[in-house]
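A.B. asks: Got a sequence here, can you model it:
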Amino acid sequence: MLNLLIFIRHSLPIFDPKIPAFQWHLSDEGKTRCQSLATHLSIYSPKMIFTSREFKAIETGQIIATNLKLSNKVVEGLHEHERPQIGNLNQEQFIASIANLFKQPDQLVFGIETANTAYRRFSEGVNKVVKEATDKNSDCVAIVAHGSVISLFMWHKCRQEPFSLWQQLGMPSYLILDYPAYKIKRIVYKV
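C.D. replies: Next up is the predicted model:
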């Protein structure tokens, strides 16, 4: 019976402003951090790793899965808030755009979907994971996803302030939740 969900923010990518963030791959440092992340997660004994379709999440999940000798599966809907053509925002502009996304969840203020649209899509993806974990009698599974959608999910399910959480989540980081209560047991902001 499923009783723990682990939400993981992907590890450190190669930041390349010439290509959209959803196409970024992990950096060498990001891959190294995944080794430590796998060690951290081993004490929870996850039975399966699920990831978004984005390369940096898939690669994070693959490294964890390999280290823990688990399967790794891509699940539709777990990808980041859709913002494929945001241009070359500097760090300050990007942070302000994320803040506006959380402040105006029903308004299209950044990217091509609202915060609430991203939350609903991500939540449907989490429901797919929960169903598969339940069908396979897994007591603990991990989901590798992204800062904005994890923060939106925690806002709706756990009443965590999303912008503050988003700012604190490192690459990688993780949250342990009791299921089905969605009560946060632990947050590790940086691995």
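
A.B. asks: only C-alpha atoms for contact and neighbour calcs from this point on.
C.D. replies: Will do.

A.B. asks: chain center to the host helix or strand of residue 6: distance?
C.D. replies: Secondary-structure assignment from DSSP states H and E places residue 6 in strand 4-9. Taking the mean C-alpha point of strand 4-9 and that of its whole chain, the gap between them comes to 8 Å (C-alpha atoms, centre = their mean, to the nearest Å).

A.B. asks: Name the residues that touch it?
C.D. replies: Surrounding strand 4-9, the residues in contact under the criterion C-alpha atoms under 8 Å, 6 or more residues apart in numbering are 57, 139-147, 150, 169-179.

A.B. asks: So in terms of bridging, what pairs with the most centrally placed residue in the chain?
C.D. replies: When the chain is reduced to its mean C-alpha position, the nearest residue by C-alpha atoms, centre = their mean turns out to be residue 145, at 2.3 Å. When bridges are called by DSSP bridges, residue 145 pairs up with residue 9.

A.B. asks: Could you pull up the residues touching it?
C.D. replies: Counting by C-alpha under 8 Å, 6+ apart, residue 145 makes contact with 7-10, 51-52, 57, 78-80.

A.B. asks: ok, back up a step: I'd like to know which elements the helix or strand that comes right after the strand holding residue 6 is packed against.
C.D. replies: Secondary structure here is assigned by DSSP H and E; on that basis, the next helix or strand after strand 4-9 toward the C-terminus is helix 28-42. Taking 3 or more C-alpha pairs under 8 Å, 6 or more residues apart in numbering; DSSP states H and E as contact, the helices and strands that helix 28-42 lies on are helix 55-68.

A.B. asks: Return the angle between stretch directions for the helix it packs on and strand 4-9.
C.D. replies: Per axes from the mean of the first three to the mean of the last three C-alpha atoms, to 10 degrees, the angle that helix 55-68 makes with strand 4-9 is 130 degrees.

A.B. asks: Alpha carbons of the helix or strand that helix 55-68 is followed by, as CSV, please.
C.D. replies: Of the helices and strands lying after helix 55-68 in sequence (DSSP H and E), the nearest is strand 71-74. Presented in CSV, the C-alpha positions along strand 71-74 are these (Å, rounded to 0.1, in the frame of the first residue of the first chain):
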residue,chain,number,x,y,z
SER,A,71,13.0,0.9,-12.9
ASN,A,72,12.6,4.4,-14.3
LYS,A,73,9.5,5.5,-16.2
VAL,A,74,8.5,8.7,-18.0
